[in-house]
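J.: Provide a 3D model corresponding to the input given below.
(2 chains)
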2 protein chains.
Amino acid sequence: MSPARRLNILVSNDDGIDAPGIAALVKELHRIGRVTVVAPHQQQSAVGHAITMNYPLRVREYRKNGRFFGYAVEGTPADCVKLAVRALLKKKPDIVVSGVNHGSNTAISVLYSGTVSAATEGTIFGIPSIAVSLTTYAQADFSVAAAFARKLVQQIARHGLPKGTLLNVNIPPLTKRRLKGVMVTRMGRAVWNDTFDARRDPANKEYYWLKGGLQRVDVGIEFDEAAVRAGYISVTPIQYDLTNYSMMETMQTWGIEGLHRDKK
Amino acid sequence: MSPARRLNILVSNDDGIDAPGIAALVKELHRIGRVTVVAPHQQQSAVGHAITMNYPLRVREYRKNGRFFGYAVEGTPADCVKLAVRALLKKKPDIVVSGVNHGSNTAISVLYSGTVSAATEGTIFGIPSIAVSLTTYAQADFSVAAAFARKLVQQIARHGLPKGTLLNVNIPPLTKRRLKGVMVTRMGRAVWNDTFDARRDPANKEYYWLKGGLQRVDVGIEFDEAAVRAGYISVTPIQYDLTNYSMMETMQTWGIEGLHRDKK
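T.: Numbers count the residues shown, from 1 in each chain, chains lettered A, B, ... in the order given. Here you go, the predicted structure:
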């Protein structure tokens, strides 16, 4: 991928093709490349790395202000990237950018994140990919986040990314002046403090509704969530080889080679 | 968790509560503990780590041959474990066992796997957890796999598992005699060779259907998929801290601390 020529950029998200975050991102990326948008037709948050195998995927052209904006897919973010690369695009893109998500994707939320999964899917195809999130659920201006995404894409065009590694970017909802800087971080250790509301429907049948948020366990700004809370843009290199290599060694002491034959 | 007392075991899966794999697993685990089943009401394959936030979850008691078997949840495997731990069970389980899945969960499929996600969710709660899959899509006998899962649970009761680490187990569809042994493996590097069938519905509208399988790229039996193909039970310790730590160091040379302020 040479920085000199115009980049072919694939953009997706999990908030849906009509979300303001993707519009801001596309506007910025148009400045440095040829942008194709393939995104879910509606909001797909917390779908994780789900893909659609038991149903067909439908695609329609989505227009905005009377002009073609991109392809809307009745599927998940991972579906969108798969379908884009394998069926819709003539050429493999130079980079995949997913976002700008409305809400943070830090710590354990990375596992549940459709935004991250779209970028992971790009990485699986061997395409440098990033996921970009604005860390607020309030009404927000996506322009600072989108501009940062564009600059980071330019850096990736220069440096490349190692095979199997993507960047997960979380940007606080601050003005450029008030942002403290950019931190390269690790994925935080915070998990959700889930609870379920047990409710009764009009027919008096019980149902449960998930609620809860991220715990605040990490204090050092080497962690994604803590960096964001301190006013920094967090950039976390993440990978999808989940092997715990040190545990592989530990398990050699368990003596499980013949466990399937044990009489007990 | 002491091996002396009877274990409290939570069982889930992604094939649905009525799948033969979960029945075989429950039967074996009854021998060593008190088993509670909380599983999706219907098949949920390839949902990845999806969780349900925008819809309520319904739960009903599922009976089998006239007897209570477990709780059927209209949700994903990760939903099931969350709901079990946070709402349905009086006590946190000692172990979570997900499976026995009908079909392998090796290499990149780990990311898409609902079976693995149920176990990951257990791990997030700090509960030792394993995912168990039988590596065939043909009609199969789950008893050897279920018996191995039971023995591995007994080993985990003895040794424990490190925080944030679960075991992903893949078992070939062989008799106990023909199984070559148990290998501690790493997650394979194979990805899917996806293609999409472009078809037309009766109204002549186009739709796409995903097809494809795992590439065969790994030859050494230190990899999950290759070990299984060679006739071994594969046990892979996996973790959900996705940080690429060496890339964190590399990125310090990029000089991105002030990237948000760059004029270009």
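J.: Who are the packing partners of the lengthiest helix in chain A?
T.: Looking across chain A with DSSP state H, the single longest helix is helix A:143-159. In terms of contacts (3 or more CB pairs under 8 Å, 6 or more residues apart in numbering or on different chains; DSSP states H and E), helix A:143-159 is packed against strand A:7-12, helix A:20-29, strand A:95-102, strand A:129-134, strand A:165-171. C-beta coordinates here come from the backbone N, C-alpha and C atoms, glycine included.
J.: Quick check: buried residues in the longest one?
T.: Read it as helix A:20-29. Buried residues in helix A:20-29, counted by 16 or more other CB atoms under 10 Å in any protein chain shown: A:21-26, A:28-29.
J.: about what we covered before: compare the helices and strands packed on helix A:143-159 and give me the one nearest chain B.
T.: Relative to chain B, the nearest member of these by CB to the nearest CB is strand A:165-171, separated by 4.9 Å.
J.: out of the buried residues of helix A:20-29, which touch chain B?
T.: Among these, no residue is within reach of chain B (CB under 8 Å from any CB of the partner chain).
J.: got the helices and strands packed on helix A:143-159 as a markdown table, with mean pLDDT and distance to B:Ile156 columns?
T.: Formatted as a markdown table, the helices and strands packed on helix A:143-159 follow (pLDDT from 0 to 100; distance: least, CB to CB, whole Å):
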| stretch | mean pLDDT | distance to B:Ile156 |
| --- | --- | --- |
| strand A:7-12 | 98 | 39 |
| helix A:20-29 | 98 | 43 |
| strand A:95-102 | 97 | 36 |
| strand A:129-134 | 98 | 34 |
| strand A:165-171 | 98 | 31 |
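J.: could the ones you listed go into CSV alongside distance to A:Ser113?
T.: Putting the helices and strands packed on helix A:143-159 into CSV (distance: least, CB to CB, whole Å) gives the following:
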stretch, distance to A:Ser113
strand A:7-12, 12
helix A:20-29, 14
strand A:95-102, 8
strand A:129-134, 7
strand A:165-171, 8
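J.: what about chain A, any weak spots by pLDDT?
T.: For chain A, residues meeting the criterion pLDDT under 70 lie at A:1-4.
J.: can you give me the helices for it?
T.: A:20-29, A:77-83, A:109-112, A:114-124, A:143-159, A:224-229, A:245-251.
J.: So which of these is nearest A:Arg177?
T.: Taking CB to CB, helix A:143-159 is the member of the helices of chain A nearest to A:Arg177, at 9.9 Å.
J.: Give me the buried positions along the closest one.
T.: For helix A:143-159, the neighbour count (16+ other CB under 10 Å) marks A:144-157 as buried.
J.: That helix versus strand A:7-12: what angle between them?
T.: Helix A:143-159 runs at 130 degrees relative to strand A:7-12, counting by axes from the mean of the first three to the mean of the last three CA atoms, to 10 degrees.
J.: Can you tell me what sits against helix A:143-159?
T.: Helix A:143-159 is contacted by residues A:1-3, A:7, A:9, A:21, A:24-25, A:27-29, A:31-33, A:94-95, A:97, A:99-100, A:128, A:130, A:132-134, A:167, A:169, A:171, A:174-176, A:179, A:233, A:235, B:254, B:256, B:259-260, B:262, B:264 when judged by CB atoms under 8 Å, 6 or more residues apart in numbering or on different chains.
J.: nearest to A:Tyr207, of the helices and strands packed on helix A:143-159?
T.: Closest to A:Tyr207 of the helices and strands packed on helix A:143-159 is strand A:95-102 (CB to CB; 26.3 Å).
J.: Tell me the spacing between A:Trp209 and B:Val59.
T.: Remark: distance between A:Trp209 and B:Val59 (CB to CB, to the nearest Å) = 12 Å.
J.: Let me see the contact set for the residue nearest to the spatial centre of chain A.
T.: Centrality entry for chain A: nearest residue to the mean C-alpha point is A:Val116, 1.9 Å, by CA atoms, centre = their mean. For A:Val116, the contact set (CB under 8 Å, 6+ apart) comprises A:98, A:105, A:110, A:131, A:166, A:168, A:238.
J.: Appreciated, that's everything.
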